[in-house]
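> Model the following, please.
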Amino acid sequence: MNELENQLHYPLGDALPESGRCIEVAPGIKWIRMALPFALDHINLWLLRDTQRGESGMVEGWSVVDCCIHKEESKAQWEALFVNELEGLPILRVIVTHMHPDHIGLAAWLCERWSVGMWISATDFQVARMASLGANGFGGERSAAFFAMHGLNDPEAVQAISARTNYFPNLVPSVPNKYTRLMEGKLLDIGGRQWRCISGYGHAPEHMALYCEELQILLGGDMMLPRISTNVSVYDQEPEADALKLFLDSIDKFKTLPESTLTLPSHGKPFIGLHVRIKQLHDHHADRLAEVMVACAEKACSAKDVVPVMFKRALDMHQMTFAMGESIAHLHALWFEGKLHRRLGADGVYRFSAEVAA
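A predicted model of the protein is given here:
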């Protein structure tokens, strides 16, 4: 456990759910943990005891929050959970915090399996639908061209990113063709308790966290993680985005919640210390911005130049695309604040400097 983690409280200690089983973190709330084949090797999913109105009256069951990527191992884990953890009750709906593959990948399968609907923000629904059809970025020639304009232009990288045309569809082969909209301030009645939607930006198009005042529990999704900093990136779909400002403004919404809030994150362990973690994340990004500012004061830098400044470890190509997106986000934050100037060079690469280009 690092120094920052020591400032947080983990009420469940080192306990982790076993495959196909849950840990109850509060009355009617069960924690699921599923493996991912990435450097970030797991995702937390949640079962919430619920009641929904059916054709013959009220039906008891469970709401699922997030789904994992579409793979047979994940389906098998879900099947084990259906046997071991549902207490003989059905799944009543699928709630998705945002459209990233580890959160929405099995939504269509779960909805079809239980004949239920999906609840998600309108923006993330539409982006996920387009991405699953291969109709936008997350790899391919447009992504390769965008990153090349920010300095990742060596032939090997361009070829690797250009060839990654099926990244999203491979993990999310389909998305339900209809949904119920989640939006800022909307109250969901889940098992007789009110959960308020809190929108978040900078990580996903329109992420939705859920907060229950009665329980003082926050389902933070990817907007509030205890150990790692959420990826905040700029990509080719919105090339002029100020993603970092959007993210930092979004997490400040959680400041109104009690310090005693139990945060249930999508990665890592449930924790108490929400206000401390908000400050840690602000401090983390302030440090990265300061490093980027120093580098750009020494010479004009592309995002590729900034990657080793922000990330001190070796990166594979999958990690490099995330690092590039995050480097652009930090450069953009300083650019929009007027602290850096951007210039497109004769080589077609954007570089940022602390001095006005002649």
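
> how about stretch 174-189: buried residues?
Neighbour-count burial for stretch 174-189 flags 174-176, 179, 182, 186, 188 (criterion: 16 or more other Cβ atoms under 10 Å). From N, CA and C alone the C-beta is placed, and that goes for glycine too.

> Among those residues, which pair sits farthest apart?
Maximum pairwise distance in the buried residues of stretch 174-189, criterion Cβ to Cβ, is 25.5 Å, between 174 and 186.

> ok so, going back, okay, and which of the buried residues of stretch 174-189 map to strands?
Among these, the members falling in strands are 182, 188 (criterion: DSSP state E).

> and of the buried residues of stretch 174-189, the nearest to residue 132?
Of the buried residues of stretch 174-189, the one sitting nearest to residue 132 (Cβ to Cβ) turns out to be residue 175, at 5.0 Å.

> Which strand residues bridge residue 197?
Beta-bridge partners for residue 197, by DSSP bridges, are residue 210.

> and it, how many neighbours?
Using other Cβ atoms under 10 Å, residue 197 is surrounded by 20 other residues.

> and the gap between it and residue 86?
Using Cβ to Cβ, to the nearest Å, we find residue 197 at a distance of 25 Å from residue 86.

> re the thing from before, can you put the buried residues of stretch 174-189 in CSV and add distance to residue 157 and pLDDT?
Below are the buried residues of stretch 174-189 laid out as CSV (distance: Cβ to Cβ, whole Å; pLDDT from 0 to 100):
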residue, distance to residue 157, pLDDT
174, 30, 96
175, 29, 97
176, 35, 97
179, 36, 98
182, 37, 98
186, 42, 98
188, 43, 98
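
> Return the closest of the buried residues of stretch 174-189 with respect to residue 131.
residue 175 (8.4 Å).

> Pretty sure that closest one sits against residue 125.
Yes: using Cβ atoms under 8 Å, residue 175 is in contact with residue 125, at 7.3 Å.

> roughly how far is the longest helix belonging to the chain from the heart of the chain?
With secondary structure taken from DSSP state H, the chain has its longest helix at helix 274-298. Put simply, helix 274-298 sits 20 Å off its chain's centre (Cα atoms, centre = their mean, to the nearest Å).

> outside of that helix, which residues touch it?
Helix 274-298 has contacts (Cβ atoms under 8 Å, 6 or more residues apart in numbering) with 4, 7-8, 218, 224, 226, 229-230, 232, 244, 248, 251-252, 254-255, 257-259, 261, 263, 271, 301, 305-306, 309-310, 327, 330-331, 333-334, 339-340, 352-354.

> what's downstream of it, the next helix or strand?
Going down the chain from helix 274-298, the next helix or strand is helix 303-310, by DSSP states H and E.

> Name all residues that make contact with residue 269.
10, 12, 14, 16, 226.

> ok, of those residues, which come out buried?
Neighbour-count burial within those applies to 10, 226; the criterion is 16+ other Cβ under 10 Å.

> Could you pick out which of the contacts of residue 269 are located in strands?
Among the contacts of residue 269, no residue falls in strands (DSSP E).

> Work out which residue lies at the spatial centre of the protein.
Nearest residue to the geometric centre of the chain (Cα atoms, centre = their mean): residue 222, 3.9 Å.

> can you give me the strands for the stretch 101-250 of the chain?
For the stretch 101-250 of the chain, the strands defined by DSSP state E, counting those that start in this stretch occupy 117-121, 180-182, 187-190, 193-200, 207-212, 217-221.

> Quick check: which helices or strands does the third one pack against?
To tie it back to what came earlier, the one meant is strand 187-190. strand 42-54, strand 193-200 (3 or more Cβ pairs under 8 Å, 6 or more residues apart in numbering; DSSP states H and E).

> Same check on the longest one?
Strand 193-200 is packed against strand 187-190, strand 207-212, helix 243-251, with contacts defined by 3+ Cβ pairs under 8 Å, 6+ apart.

> so can I have TSV of these showing distance to residue 38?
What follows is the helices and strands packed on strand 193-200, written out as TSV (distance: least, Cβ to Cβ, whole Å):
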stretch	distance to residue 38
strand 187-190	30
strand 207-212	19
helix 243-251	21
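
> what's the most buried one of those?
Most buried of these, by mean neighbour count (mean count of other Cβ atoms under 10 Å): strand 207-212, with a mean of 25.

> From residue 240, how far out is residue 194?
Distance of residue 194 to residue 240, given as Cβ to Cβ: 38 Å.

> now the residue found closest to residue 7 once you drop the neighbours it is linked to in the chain: how far from residue 349?
The shortest distance from residue 7 to any non-neighbouring residue, by Cβ to Cβ, 6 or more residues apart in numbering, is to residue 276 (5.2 Å). Applying Cβ to Cβ, the value for residue 276 to residue 349 is 40 Å.

> cool, residue 11 as well?
49 Å.

> So for these two, which sits in the more crowded spot?
residue 349 (19 against 11).

> so how far is residue 13 from that one?
Taking Cβ to Cβ, one finds residue 349 at 49 Å from residue 13.

> tell me which residues in the least confident helix or strand in the chain by mean pLDDT are buried?
Least confident helix or strand of the chain, by mean pLDDT, DSSP states H and E, is helix 3-6 with a mean of 84. For helix 3-6, the neighbour count (16+ other Cβ under 10 Å) marks 4-5 as buried.

> Show me how far that helix is from its chain's centre.
Chain-centre distance of helix 3-6: 22 Å, with Cα atoms, centre = their mean.
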